[in-house]
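>>> With the sequence up front, the predicted model follows.
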Amino acid sequence: MWADEFSNFLAVKFNTAKRFGLEGTETFIPGMKSCMDALQAGGAEKVIIGMPHRGRLNVLANIVHKPLEIIFAEM
């Protein structure tokens, strides 16, 4: 739900900025969150994520917990 709402917010607030929405990758966010939680519980200290643009802002906000102020400033 957070990922979908964040995507909708970005579409309204930054409607002229080039960005790639979450369309088609909604289930990717909770799956990746689950993987990251399992890695952390297993003792992982670093993870390298390689991904296309689609859903990247949502991954940064909802999984990596990058502060929204920084995401917005970079847009």
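On my side now, so go ahead.

>>> quick one, what contacts residue 62?
If a contact means C-beta atoms under 8 Å, 6 or more residues apart in numbering, then residue 62 has 2-3, 6, 29, 33 as its contacts. In short, each C-beta sits where N, CA and C put it, glycine included.

>>> which residues of the chain score low on pLDDT?
Within the chain, the stretches with pLDDT under 70 are 18-25, 54.

>>> How are the strands of it distributed by residue range?
Remark: no strands are assigned in the chain by DSSP state E.

>>> mind listing what the nearest residue to residue 33 once chain neighbours are set aside touches?
Closest residue in space to residue 33, ignoring its immediate chain neighbours: residue 63 at 5.1 Å, by C-beta to C-beta, 6 or more residues apart in numbering. Residue 63 sits next to 29, 32-33, 36 when contact means C-beta under 8 Å, 6+ apart.

>>> Tell me the most packed of these, by neighbour count.
Most neighbours among those, by other C-beta atoms under 10 Å: residue 29, with 22 neighbours.

>>> The closest residue to that residue other than its chain neighbours - how many residues pack around it?
Distances taken as C-beta to C-beta, 6+ apart place residue 3 nearest to residue 29, at 4.2 Å, with adjacent residues excluded. Residues lying near residue 3 (other C-beta under 10 Å) number 22.
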